[in-house]
Each structure stands twice: as structure tokens, then as C-alpha cells.
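[1] Fold the stuff below for me.
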Amino acid sequence: MKKGDILVGVAVLVLAGVLYGSGLLRPSQAGAVAVVYVDGTEVHRLPLSVNDQWRLETTQGYNEIVVEDGAVFVEEADCRDGVCVDHAPVSLEKESIVCLPHKMVIEVEGGTAGVDAVVQ
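    Presented below is the predicted three-dimensional model:
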């Protein structure tokens, strides 16, 4: 390993520590909510600070939405592809879960913004 490689590694660790300390890389904070939309219309809000479960029923089918430990996920759905059920839990600002067959979107609002990429 060269001296430059070590310096780059240390710089990345310091940057990650600063971002985490500032809250940018932490899960959502108090006040964050999961907003559920069906066909573009808001139908429900679930605070991420309270563990809860809610069943969305539409003419296309149902989705069982769960809030647990500050994150939201779809536990069960009767859509044919199951992409929404396979999606990882979301907890950061603007993260979302989409179920196209049911025209449903869950989007996190409030709390802490996530970092998609760092550009130098």
C-alpha cells in the first residue's frame, strides 16, 4: 500500500464520521412519516416513531404496511410480482416503496435526508 492510499482511506473514514455525526447517514428522526399514496392521492400517514401496522385495500388488491423501529415496509401484498414485499425497509427522507399493480407509493417525509452519492 502506498502512502496516498492510506491518506485516501483515512479521508473517507473521516468524511463518513462527519456525515454520520451531522445526521445525514442516520435513520429518520422524530417527525418523519410514511405517506401512502394511491393513484397519486394521499390516503394515509404513518409516523415512523410509532410501531404500527395498517392494511391498504383498493379495488386492485391489498398491501399490509408495517412501521417498525423507525422504518416502513410492506409485509404482505396480493400483487402478482411482489416487488413491494421484497423491497428493503425505508426510513430516510424521500425514500419510497412502489407497488405498480396496486398504484400505491409509500414515501418518507420529514426526518433526515439520505445521501445517494458523493461526488468529488
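[2] Just the buried positions in the helix or strand Q53 falls within, please.
    Per DSSP states H and E, Q53 falls inside strand 52-57. Residues of strand 52-57 classed as buried: W54, L56 (neighbour count, 16 or more other CB atoms under 10 Å). All C-beta spots, glycine's among them, are computed from the backbone N, C-alpha and C.
[3] Tell me which residues are up against the next helix or strand after it.
    As assigned by DSSP H and E, the chain's next helix or strand after strand 52-57 is strand 62-68. Here strand 62-68 makes contact (CB atoms under 8 Å, 6 or more residues apart in numbering) with 34, 36, 46-48, 50-56, 72-79, 84, 89, 99, 102, 104, 106.
[4] buried subset of those residues?
    Counted by 16+ other CB under 10 Å, those give 34, 36, 46-48, 54, 56, 72-74, 77, 79, 84, 89, 99, 102, 104, 106 as buried.
[5] Which members of those residues occur in helices, if any?
    Using DSSP state H, C84 are the members of the buried ones among the contacts of strand 62-68 that sit in helices.
[6] all strands in this structure, in order from the N-terminus.
    Ranges of strands in the chain, per DSSP state E, are 33-38, 41-47, 52-57, 62-68, 71-77, 96-99, 104-109.
[7] okay, the angle between the first one and strand 62-68?
    Computed by axes from the mean of the first three to the mean of the last three CA atoms, to 10 degrees, the angle separating strand 33-38 from strand 62-68 equals 170 degrees.
[8] Return the list of strands paired to strand 33-38, each annotated with direction.
    When pairing is defined by DSSP bridges, strand 33-38 lines up against strand 41-47 (antiparallel), strand 104-109 (antiparallel).
[9] Any stretches of the chain with poor pLDDT?
    1, 20-30, 111-118, 120 (pLDDT under 70).
[10] Give me the most central residue, it.
    Nearest to the mean C-alpha position of the chain, counting by CA atoms, centre = their mean, stands V90 at 2.0 Å.
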